[in-house]
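Visitor: just to be clear, the model below is a prediction. Sequence and coordinates:
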Amino acid sequence: MRPAEQSAEHTAEHTAGAADADPPIAAEGGGRAARGRTAALAGGLVVAVAVLALVAMASVALGARSMSFSTVIDAFLAPDGSGDHTVIRELRVPRTFLGLGVGATLGLAGALMQSLTRNPMADPGLLGVNQGAALGVTLALGLFGLSDPALYVWFAFGGAALASVVVYALASAGRSGSSPVRLALAGVALGMVCTAVASAILRMDTPTFDRMRFWLTGSLAGQTADTLVRLAPFMVAGLALGLLLARPLNMLALGDDAGKALGVAVNRTRILTGVAVTLLCGAATAAAGPLWFVGLIVPHAVRAVVGPDQRWVLPYSTLAAPVLLLGADVVGRVIARPGEVQVGIVWAVIGAPIFIVLARRKRVAAL
């Protein structure tokens, strides 16, 4: 073999060897990048938990009358029956835990609804679920005189479930089937009907209206520890079920056919997601009234940070929503001392501009 041919052969062998070596190196680099991203996202969850703890402490310490953290600690470790300790233990602590539960349930419910419907504009309010639950509570209070949350929560669940079924049925009617736009239109229409019926009942029953006027604006005030204890099992069940659905929802994001090919039971996943959303929205609405924008804005912001993977979107939404909701509640207590502004009003003032910005964006975070 001539020297030139030997040189060419050697070069070809060297190039082939390099080509063979490149994929493992690239795969190793990609694996390191994936592990680094996973570690960063896991660290972000730890930071979110820490921020949530700080906001919860602020919720206990701040109000119509601010109290030092030493007073808060003494109220837990060495309660002496003083007025400050009584307010902390019997009013602010249950209110804080209620805010944590309501925020977590609404944030997770919004993320589940957006993933299931593949509609970035889906949330319990826009799809009429909150209004259905509110109508159920109105019927329980106004027509049946049920003032115990353990009783009227079942009406809230029934209203939320019925609203979900009706909206999906309306959106699926016709040859074209359901679509994000049809779901949103059906939800808005049904929500208006539920609101109108509830308003008519309240206008005819002044005592019921007086009891519900703060609840209808969305408020964490006035609920006792007993209310929290009775609603907590429903919240916990909905949260646990919703978080367990991350993997099948990820596969359904590829389409029904791809999901079936990957072993996902499509109908079962949809039914379980509907059950989780009903539990979450029913318990949250029964506890605090209809709250807008929480389940819409939080999952959007989370997806913009962590991407479309539901294994991260769902827990991040569960932690981020109560941070914002409790923060809004603290703001409402501080800006109107010695009174307060209901959290539903404060959150609407904050959430409406954010909703407008989201609606005007040319691109939204991928589902």
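Guide: Thanks, I have the structure now.

Visitor: remind me which residues of this protein are low pLDDT?
Guide: 1-30, 176-180, 358-359, 361-367 (pLDDT under 70).

Visitor: next SSE downstream of the host helix or strand of residue 40?
Guide: Using DSSP states H and E, residue 40 maps to helix 3-61. Counting by DSSP H and E, the element after helix 3-61 in chain order, helix or strand, is helix 69-77.

Visitor: what's the offset of that next one from the middle of its chain?
Guide: Taking the mean of its C-alpha atoms, helix 69-77 sits 31 Å from the chain's own mean (CA atoms, centre = their mean, to the nearest Å).

Visitor: identify all contacting residues around it.
Guide: 57, 60, 61, 80, 84, 85, 88, 89 (CB atoms under 8 Å, 6 or more residues apart in numbering). For every residue, glycine as well, the C-beta is placed using N, CA and C.

Visitor: now do the strands in the stretch 101-250 of the chain.
Guide: With DSSP state E, counting those that start in this stretch as the criterion, the stretch 101-250 of the chain has no strands.

Visitor: just the helices in it please.
Guide: 129-142, 149-172, 180-204, 206-217, 225-244, 246-252 (DSSP state H, counting those that start in this stretch).

Visitor: which of these sits closest to residue 121?
Guide: Closest approach to residue 121 among these (CB to CB): helix 180-204, 5.5 Å.

Visitor: hang on, the earlier thing: dump the contacts of helix 69-77 into CSV; add distance to residue 49 as well.
Guide: Shown next, in CSV, are the contacts of helix 69-77 (distance: CB to CB, whole Å):
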residue, distance to residue 49
57, 13
60, 17
61, 19
80, 31
84, 28
85, 27
88, 22
89, 24
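
Visitor: mind giving me the ChimeraX command for buried ones among those?
Guide: Typed into ChimeraX, the line below selects the buried ones among the contacts of helix 69-77, using 16 or more other CB atoms under 10 Å:
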select :60,61,84,85,88,89
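
Visitor: what sits against the residue nearest the centre of the chain?
Guide: In the chain, the residue lying closest to the centroid (CA atoms, centre = their mean) is residue 107, at 1.0 Å. Each residue near residue 107 by CB under 8 Å, 6+ apart is listed here: 294, 295, 298, 299, 317, 318, 319, 320, 321, 322.

Visitor: kindly recompute the last result at 10 Å.
Guide: Counting by CB atoms under 10 Å, 6 or more residues apart in numbering, residue 107 touches 123, 239, 280, 284, 294-295, 297-299, 302, 314-325.

Visitor: tell me how far residue 201 lies from residue 260.
Guide: Note on residue 201: its distance to residue 260, by CB to CB, to the nearest Å, is 45 Å.

Visitor: which one's more surrounded, these two?
Guide: Neighbour count, other CB atoms under 10 Å: between residue 201 and residue 260, residue 201 has more, with 18 against 13.

Visitor: what's the neighbour count on the residue lying closest to that one once chain neighbours are set aside?
Guide: Nearest residue to residue 201, sequence neighbours excluded (CB to CB, 6 or more residues apart in numbering): residue 142, at 4.5 Å. For residue 142, the neighbour count with other CB under 10 Å is 20.

Visitor: great, nothing more from me.
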